[in-house]
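Participant: Turn this into a structure:
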Amino acid sequence: MEASNAQKKPSSIPEENPAELKDGSLLAAVDLGSNSFHLLIARLEQGEIRPAQALSEKVQLAAGLEGDELSQDAIDRGLECLSRFAQLLQSVEPQRIRVVGTNALRRARNRKKFTEPARRILGAPIDVIYGREEARLVYLGVAHTLADDSQSRLVVDIGGGSTEFAIGERFEPRKLESLQLGCVTYSRDCFKDGLLSKSNYKSAYDRACVEVSHIRKQFRRKHWVEAVGSSGTLQAIEGILIAQQWADGMITRKGLTRMRKALLGFKHLDDINLEGLSDARRSVIASGVAITEAIFDVLDIDEMRSSRGALREGVVYDLVGRLSHEDVRERSIRALMQRYHVDEEVSELVARRARTLFDATYKAWELTGSDRELLIWAALSQEIGKAIAHKHYHRHGAYLLRNSDLPGFPQHEQEDMAILVEGQHGKIRQELFGDSEGPALLRLQRLVALLRLATLFKYVEPLEKLPNFAINASSKGLKLDFPEDWLEQHPLTAQELAQQQAVFGRLGLRLAFS
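Facilitator: Here you go, the predicted model:
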C-alpha cells in the first residue's frame, strides 16, 4: 500500500512529542483543582525533575458549582487566574505543557464554557481526568519525593471536591480510589453561612465516615505500612499541629483531637485564629480536619506524614514518560486487549492499516500527532465489544471504552476513542458525535472514516497479502487506486467499498476507488 497524497511517502509524520528530552528541558503542569489552581514549571536535570517556577491561587471552582453547573463568577475567577499563569508558560513549548482538571470540572455539565477559553489562554488542551486517574497521578507525584524502598504506602489527597486514595510500592500504585468528599464542598454544605458548632462539625465528620467506609475493606491498615498525605489541606493541618506544638512533625490522632477542640472554640469560620493557619485556608480548615479525622478513624490510621509531592508533580513525571515514549496509555490499551481476549493479530493488522491511511491523509485533513495516537489506540481496541456479543460489538466496545478505568487517559480521549469504535461499523447515527461541532466535529468525522476503511481490509489480509495501492487525499475526500483487476477478483471488498461511499457522504467526505 502506498502511503501518500500523490503516490509518495510523506516527508514527515506529525509528532506531538519530541524524539528526545534533553537535560535542561522545561516542562509544565497546571492543576485546575476544585479549591486552588497550581502551576509547576520544572527543569529536567539528569533524569530528575527540578522545580523552576511554582505558583498557586485560591480559585474555589467547587464553591461555584450550582446544580452541577459552574457559575459565571467561578468561570471568570478561573480564567483570570489562568491569564496570569499564561505569562509564565510562555517559556515552555506547548507540547511540553499538560493541563488537568479535577472534581469540579468532572462534575460541571457546562465545563466547556470554561475549558474552551482556558485552552485558548494557555495554548494547551484541558484534560479533565477521572478520579482514579487523579489518584494515580497523585501517587506518582508523592512516590518521587519519598525513599525508593519496597514498603507499601497509603497516599491520601484531600482536595476541594474529592479525596483520592492510593496504595502502592515504589512508583507502582496497586489500588486506586476517589471519593466525593472535599473541603470546599463540605465547608459549603456542612458549615452553612460559615457557622461553626459541634453539630455542624459532627455532620461533616459523620458524612465523611460514611463515604470512607465504602473503601474500608481495601484500604484499611493491614494493606500498607505507612500513611502519607498530599495536598494543601493535609500540609496545612500538619503545619498548624507543628506550630501549636500539638504533634511532632506529623499528623497524629491526638493532634487532630486537640485541633478539633481548638476549632470548636470559635463560632464562625472567619473567626478562626490558630498559629500556622493561612488566610487562604481559614474557610475550609474545619471541614478539612473533620474529613481527616474520619479517614484516620475508619482506616485505622495512627499517624501520617505529609509530602511535598502532589498532583502537579505527578503530571510532570507522567509527561516525561509520554515524551520519552514510555506512555502509560499504551500499557492501558494492551491490558484492555488482554482483558477482553482480543485477537491481537487482527487488531495489529487494523492498526497498521489505520497508520498507513493516516500518514497519507493527515496533511490534507489537518490532523495531528495526537490524532494519530488516538486512531491507533481505537484500532487496537476495535474488537473488545465482541467479549460481550458479536451483534452490535461496536456499540459494546464503545460502552467499555467510556466506562473502563484506563490509566493515563483523560475523559475526552476515552470519549473520542468510544466514538471511533462505535463509528467503525453500521450506520452513522446523528447522536454519535454528541455535542461536537466545528473543527472538533470535522476531526472526529475524518478519524471515523479512516477507522472504517482500516477495518474493512481486515477480512482480506488474513487470507492473502493486501497489494500496494495509491491513496490520494484532498480536503474533501479520498481516492483509492488498486492494481488492475484486483477489485474484480475481490467482489466482496468492492461491494463494501461501494457501501462506504454513502457513509463517507454522511461524514462530509467523498470516497472514490478504482
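
Participant: C-alpha only now, for contacts and for neighbours.
Facilitator: Will do.

Participant: And what about the nearest residue to residue 145 once chain neighbours are set aside, helix, strand or coil?
Facilitator: Nearest in space to residue 145, with sequence neighbours left out and distances taken as C-alpha to C-alpha, 6 or more residues apart in numbering, is residue 309 at 5.9 Å. Three-state assignment for residue 309 (DSSP: H, G, I helix; E, B strand; the rest coil): coil.

Participant: next one: residue 99
Facilitator: Per three-state DSSP, residue 99 ends up strand.

Participant: How far off centre is the strand or helix carrying residue 333?
Facilitator: Using DSSP states H and E, residue 333 sits within helix 328-339. For helix 328-339, the separation from the chain centroid amounts to 15 Å (computed by C-alpha atoms, centre = their mean, to the nearest Å).

Participant: just stretch 383-397 next, same as before
Facilitator: Relative to the centre of its chain, stretch 383-397 is centred 25 Å away, using C-alpha atoms, centre = their mean.

Participant: Show residues contacting that stretch.
Facilitator: For stretch 383-397, contacts defined as C-alpha atoms under 8 Å, 6 or more residues apart in numbering pick out 336-337, 340-343, 347, 381-382, 398, 400, 418, 421-425.

Participant: Show me just the buried residues among those.
Facilitator: Taking 16 or more other C-alpha atoms under 10 Å as the criterion, what is buried in those is 336-337, 340, 342, 347, 381-382, 398, 400, 418, 421-425.

Participant: Show me those that map onto helices.
Facilitator: Among these, the members found in helices (DSSP state H) are 336, 337, 347, 398, 400, 418, 421, 422, 423.

Participant: which one of the residues you listed is nearest residue 81?
Facilitator: Among these, residue 418 lies closest to residue 81 (C-alpha to C-alpha), at 33.0 Å.

Participant: how about the closest one, what does it touch?
Facilitator: Here residue 418 is in contact with 378, 397, 398, 399, 401, 402 (criterion: C-alpha under 8 Å, 6+ apart).

Participant: Report how many residues lie close to the fourth one.
Facilitator: Same thing as residue 399. Using other C-alpha atoms under 10 Å, residue 399 has 17 neighbouring residues.

Participant: what about it, distance to residue 275?
Facilitator: 51 Å (C-alpha to C-alpha, to the nearest Å).

Participant: one step back: may I see the buried residues of the helix holding residue 333?
Facilitator: So, applying 16+ other C-alpha under 10 Å, buried residues of helix 328-339: 328, 329, 330, 332, 333, 334, 336, 337.

Participant: in stretch 21-38, what counts as buried?
Facilitator: Buried, per 16+ other C-alpha under 10 Å, within stretch 21-38: 21, 26-38.

Participant: Check stretch 99-115 too.
Facilitator: Per 16+ other C-alpha under 10 Å, stretch 99-115 contains these buried residues: 99-108, 111, 114-115.

Participant: Can you give me the end-to-end span of it?
Facilitator: So stretch 99-115: terminal residues 10 Å apart, C-alpha to C-alpha.

Participant: Could you verify that residue 173 is part of a strand?
Facilitator: Yes. Residue 173 forms part of a strand when assessed by three-state DSSP.

Participant: Can you tell me how far it is from residue 29?
Facilitator: Taking C-alpha to C-alpha as the measure, residue 173 and residue 29 are separated by 21 Å.

Participant: got the residue ranges for the strands in the stretch 351-500 of the chain?
Facilitator: Residue ranges of the strands in the stretch 351-500 of the chain, as given by DSSP state E, counting those that start in this stretch, are 470-474, 477-481.

Participant: now what about the last one, what contacts it?
Facilitator: By that I understand strand 477-481. Strand 477-481 is contacted from outside by 469, 470, 471, 472, 473, 509, 510, 511, 512, 513, 514, using C-alpha under 8 Å, 6+ apart.

Participant: Just the buried ones among those residues, please.
Facilitator: Neighbour-count burial (16+ other C-alpha under 10 Å) is assigned, among those, to 469, 470, 471, 472, 473, 509, 510, 511, 513.

Participant: And the first one, how far from residue 303?
Facilitator: In other words, residue 469. 66 Å.

Participant: cool, and the third one?
Facilitator: As defined by C-alpha to C-alpha, residue 471 lies at a distance of 64 Å from residue 303.

Participant: do the last one as well
Facilitator: If you measure residue 513 against residue 303 using C-alpha to C-alpha, the figure is 69 Å.

Participant: Which stretches in the stretch 151-300 of the chain count as strands?
Facilitator: Using DSSP E, counting those that start in this stretch, the strands of the stretch 151-300 of the chain run over 152-158, 163-169, 172-179, 226-230, 251-252.

Participant: pLDDT of the last one, averaged?
Facilitator: The average pLDDT for strand 251-252 rounds to 96.

Participant: ok, it: who's next to it in the sheet?
Facilitator: Using DSSP bridges, strand 251-252 pairs in its sheet with strand 303-306 (antiparallel).

Participant: Now the element after the strand it pairs with, going C-ward?
Facilitator: Next element after strand 303-306 (DSSP H and E): helix 311-323.

Participant: Would you confirm that residue 350 contacts residue 379?
Facilitator: Yes. Residue 350 sits in contact with residue 379 when judged by C-alpha atoms under 8 Å, with a separation of 5.8 Å.

Participant: Between those two, which contacts overlap?
Facilitator: Common neighbours of residue 350 and residue 379 (C-alpha under 8 Å, 6+ apart) are 454, 455.

Participant: Next, the contact list for residue 191, please.
Facilitator: Residue 191 is in contact with 200, 201, counting by C-alpha under 8 Å, 6+ apart.

Participant: which residues in the stretch 101-250 of the chain form helices?
Facilitator: 103-107, 112-122, 131-143, 183-190, 198-213, 216-219, 232-243 (DSSP state H, counting those that start in this stretch).

Participant: Report the rounded mean pLDDT for the shortest one.
Facilitator: This means helix 216-219. According to the model, helix 216-219 has a mean pLDDT of 96.

Participant: on contacts alone, who are the packing partners of that helix?
Facilitator: helix 285-299 (3 or more C-alpha pairs under 8 Å, 6 or more residues apart in numbering; DSSP states H and E).

Participant: so what secondary structure elements neighbour the helix it packs on?
Facilitator: helix 183-190, helix 198-213, helix 216-219, helix 232-243, helix 253-263.

Participant: how about 10 Å then?
Facilitator: strand 152-158, helix 183-190, helix 198-213, helix 216-219, helix 232-243, strand 251-252, helix 253-263 (3 or more C-alpha pairs under 10 Å, 6 or more residues apart in numbering; DSSP states H and E).

Participant: Show me what counts as buried in the longest one.
Facilitator: This means helix 198-213. 200, 201, 203, 204, 205, 207, 208, 209, 211, 212, 213.
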